[in-house]
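*Asks:* Okay, here's the prediction I keep looking at, along with the sequence it came from:
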Amino acid sequence: ELALAYAQAGELDRALEFAPPLEQSAEVEDRAAGERIRGRVALLRHEPASALEHFERAAQLDRDDGGEALLARIQLCAQLGRDGDVLASARSVREQAGIRPRIARSIEVYAAMSWLRSGEIGRARELLEGQLADARAAQDVLREAPLCMNLGTLERRAGNLERALEYFEQADARATAARSATLCAQVRGSFAALSRDLGELRRAEELALSAIALRQRLGDHAGAQVTRGVLALTLAERGHVGRAAIEAELAAKSLAQSGRRQDAALLEASAGECRARLGVPLRSEAAGEWERSKEGDPRSLLCLARAQAYLGDLDAARLLARRAGALAQSLGLELVRVQARDWLASAEEPRRAPAEGEDSDQPLTRLDLELQRLLTSEPFDVARASKLADELDRRGRDDRLARLCIAMAARASAIDVQRQAAARARVALARCALGAREGTELALSANLLSVPDPWPEDHVLARAAANEEPENEMDVLRLLEINHRLLDQPNLSSLLGEIVDCALSVSGAERGFLVLENDGELEFDTALDSRRGDIPAPEVEISRSILSEALAKMRPLRISNAADDPSHAEAASVIALELRSVLCAPFRIDKQARGVIYVDHRLKSGAFGDRAERMLGLLADQAALAIVQVRRMEEIRRLNRRLNQRMAETESELRTSQRALAAAGLPLASAGLVGSSSVMREVHRQIELAGKTKLSVLLQGPSGSGKELAARAVHAQSARREDPFVTENCAALPPALIESEFFGSVRGAFTGAERDRAGLFERA
């Protein structure tokens with residue numbers, strides 16, 4: 001009974017420890033029971049061949065096995081895809097006596113899933129819904145969870161993804177409520193595949209990782225590799241090609257060894273596609289692999305078609321894509337057929353915009369079509385692109401996000417939009433390149449789409465907009481150096497001076513000013529002349545009209561010749577100061593405060609180019625962050641001074657009180673315990689003695705007598721007074737919560753456990 005209980009709880013190694021021995025000298029019934037337990041553990045580890053051997057030996061020892069051997073045989077047939085044998089064995093159950101109800105129900109479920117794979121969806125749904133109704137009536141969550149999972153799989157196969165999502169959410173909740181690690185692993189692995197179909201790739205990755213961890217903890221290494229395949233395909237969809245290739249190859253090797261060659265072929269093809277996106281040629285065995293896979297899975301052919309295109313062999317790619325489309329049509333796989341058709345159309349005409357009526361029910365395909373429309377449209381719609389970028393980011397489609405942001409950096413007219421898009425593209429590309437070999441980033445950035453890139457010139461323009469040309473690498477290093485200089489400033493005054501000094505350095509300006517605006521009032525804080533040093537009266541050396549325009553627009557403002565500029569030529573300050581070139585970079589500090597870095601050159605027209613404007617804009621962004629940090633540090637130092645003063649006053653008062661108590665012969669108060677009677681003085685004396693020891697202390701007394709106060713007082717008198725002191729009213733704890741309260745719990749251990757939680761002992 002203990003062995004069976006451990007097996008049901010997922011503690012498979014413990015189950016084997018308690019299983020009856022198999023020695024020939026043991027009782028026949030014990031040996032049969034031991035074989036059945038080992039068979040059940042093998043089933044839970046997804047090792048049906050081993051399970052079948054154990055159950056058949058058990059049947060030879062004890063003919064009355066209740067159908068365990070038959071169930072193992074059916075599970076093995078199901079794993080190998082022999083649905084005809086599954087259905088034939090299930091029909092024979094009606095003719096056999098002695099089949100246990102639990103075994104009969106399990107066999108019926110396997111029959112339902114075989115009907116599903118055979119295309120008999122209605123028949124499979126009827127069987128599963130009937131069993132689910134029985135399980136709910138009996139309030140049997142251990143039966144309910146896998147049935148909800150199987151119905152979710154059925155609805156997913158039928159294309160009812162939203163209904164499938166409802167079933168999987170129910171299955172996950174029931175498996176968690178049942179506290180069954182085995183069920184949780186099974187449900188989350190299938191739930192990950194559904195989330196991938198729904199385009200929720202972030203959630204799919206989280207579920208797959210959780211399922212893999214659970215299966216490995218249970219010793220179910222075969223099941224872990226199946227789920228690893230789902231993870232690999234999810235990572236490939238996200239564009240994380242380095243990690244996807246590694247995971248796919250690991251899973252493919254394991255699946256091939258277990259006889260699942262078609263699944264292994266798909267994963268190997270996916271790994272080849274991922275490596276091709278990094279510029280890595282296909283392995284020599286890939287040609288033979290697609291020859292094997294073309295007869296069974298058009299998805300493998302389509303992966304290899306895209307791989308050949310990434311590597312520059314478009315003729316081979318078109319041939320593979322046509323074969324994939326034809327095979328998908330013959331198998332009734334409409335989604336794969338459409339993908340092959342669209343890929344071929346894009347290969348022939350990369351800049352053909354998909355028509356609005358070509359939208360798909362598949363979320364990822366719909367997003368790809370929307371992205372293609374944006375990339376091939378003129379003029380480029382920045383607002384629409386920004387909205388699509390947010391959705392791609394939410395779903396975890398990092399390769400498509402990077403490609404869209406590259407287009408925004410190349411085609412947006414606003415410089416701040418260009419900079420933000422370029423930064424966002426770099427972050428997304430870094431995620432995609434994680435786990436990839438060094439030196440493959442350039443190939444990856446050119447292969448961010450599953451179709452030939454319709455606008456490859458975006459990459460060149462985006463690098464220019466993001467200031468990523470090789471000749472500007474020194475500017476990046478310079479900005480990093482400036483950032484360190486700003487962060488090293490001890491106070492606001494020195495920081496503002498450093499900002500203006502850096503502004504002169506990066507722009508080559510003659511003069512530089514820093515103007516702060518607080519609640520609408522301008523403060524001309526710091527001004528420097530590159531040749532003469534400080535400018536004594538900056539407020540009369542600056543054009544207020546240009547300054548006001550920069551603050552109104554809140555973006556960099558560059559004027560090549562102020563005297564000829566129709567917007568500013570008549571301004572008194574421009575005329576009086578004989579201004580030529582002016583460059584302003586505004587920045588926001590908080591809701592009430594803004595600032596402007598203002599540089600000019602009175603002798604030279606067109607003194608500031610694109611590079612100076614970009615560099616000053618980046619400096620302004622850094623200045624805003626540095627000003628916020630220095631202001632916070634100054635506020636912290638002010639509060640520390642007040643706190644130190646208050647602590648000194650309190651310590652003085654405390655020493656005075658202690659001297660007064662000592663003069664009166666009274667004990668010192670202990671952590672809230674007050675009183676000067678003889679009884680209380682004895683209590684204080686005992687607390688002082690107990691606090692000095694390292695022994696455990698037991699305090700006894702009726703309810704409300706102050707045991708917790710006394711315990712705190714002992715702690716306050718001890719050498720551990722700086723360490724945590726944790727209390728708990730044990731009488732108020734429900735029995736079901738005592739274990740998790742004392743020893744802690746991990747996320748998902750039971751319903752409501754949304755995160756890891758340390759227990760009382762660990763916290764103390």
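*Replies:* Right, received. Where do you want to start?
*Asks:* Buried residues of stretch 199-214, list them for me.
*Replies:* 199-212, 214 (16 or more other CB atoms under 10 Å). Any C-beta I mention is one placed from the backbone N, CA and C, and that applies to glycine too.
*Asks:* Alpha carbons only: can I get the helix or strand containing Ala90 in PDB?
*Replies:* According to DSSP states H and E, Ala90 maps onto helix 83-92. The C-alpha trace of helix 83-92 is given here as PDB (Å, rounded to 0.1, in the frame of the first residue of the first chain):
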ATOM      1  CA  ASP A  83      -4.500   2.800 -33.000                       C
ATOM      2  CA  GLY A  84      -6.100  -0.300 -34.700                       C
ATOM      3  CA  ASP A  85      -4.500  -2.600 -32.000                       C
ATOM      4  CA  VAL A  86      -5.600  -0.200 -29.300                       C
ATOM      5  CA  LEU A  87      -9.300  -0.300 -30.500                       C
ATOM      6  CA  ALA A  88      -9.200  -4.100 -31.000                       C
ATOM      7  CA  SER A  89      -7.800  -4.600 -27.400                       C
ATOM      8  CA  ALA A  90     -10.400  -2.200 -26.000                       C
ATOM      9  CA  ARG A  91     -13.200  -4.200 -27.700                       C
ATOM     10  CA  SER A  92     -11.900  -7.400 -26.100                       C
END
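*Asks:* Just want the angle from whatever helix or strand comes next after it to helix 83-92.
*Replies:* Per DSSP H and E, the first helix or strand lying C-terminal to helix 83-92 is helix 101-117. Per axes from the mean of the first three to the mean of the last three CA atoms, to 10 degrees, the angle that helix 101-117 makes with helix 83-92 is 140 degrees.
*Asks:* Leu302 and Val338 touch, don't they?
*Replies:* No - if you go by CB atoms under 8 Å, Leu302 and Val338 don't touch, sitting 10.9 Å apart.
*Asks:* ok so, going back, how distant is the helix holding Ala90 from the center of its chain?
*Replies:* From the chain centre to the centre of helix 83-92 is a distance of 43 Å (CA atoms, centre = their mean, to the nearest Å).
*Asks:* Could you list the buried residues of it?
*Replies:* Buried residues in helix 83-92, counted by 16+ other CB under 10 Å: 83, 85-87, 89-90.
*Asks:* if we can go back for a sec, out of the buried residues of stretch 199-214, the closest to Glu17 would be?
*Replies:* Comparing those against Glu17 with CB to CB places Leu214 closest, at 20.6 Å.
*Asks:* Now that closest one: closest residue in space that isn't a chain neighbour?
*Replies:* Nearest residue to Leu214 in three dimensions, chain neighbours excluded: Ala185, at 3.7 Å (CB to CB, 6 or more residues apart in numbering).
*Asks:* likewise Glu166?
*Replies:* Gly152 is the one closest to Glu166 (CB to CB, 6+ apart), at 7.9 Å.
*Asks:* And the strands in the chain, which stretches?
*Replies:* 511-518, 521-529, 533-534, 557-559, 581-588, 593-601 (DSSP state E).
*Asks:* quick one: average confidence on the first one?
*Replies:* Average pLDDT, strand 511-518: 86.
*Asks:* starting at the chain centroid, how far to it?
*Replies:* With CA atoms, centre = their mean, you get 41 Å for strand 511-518.
*Asks:* residues of it that come out buried?
*Replies:* Across strand 511-518, burial judged by 16+ other CB under 10 Å covers 511-517.
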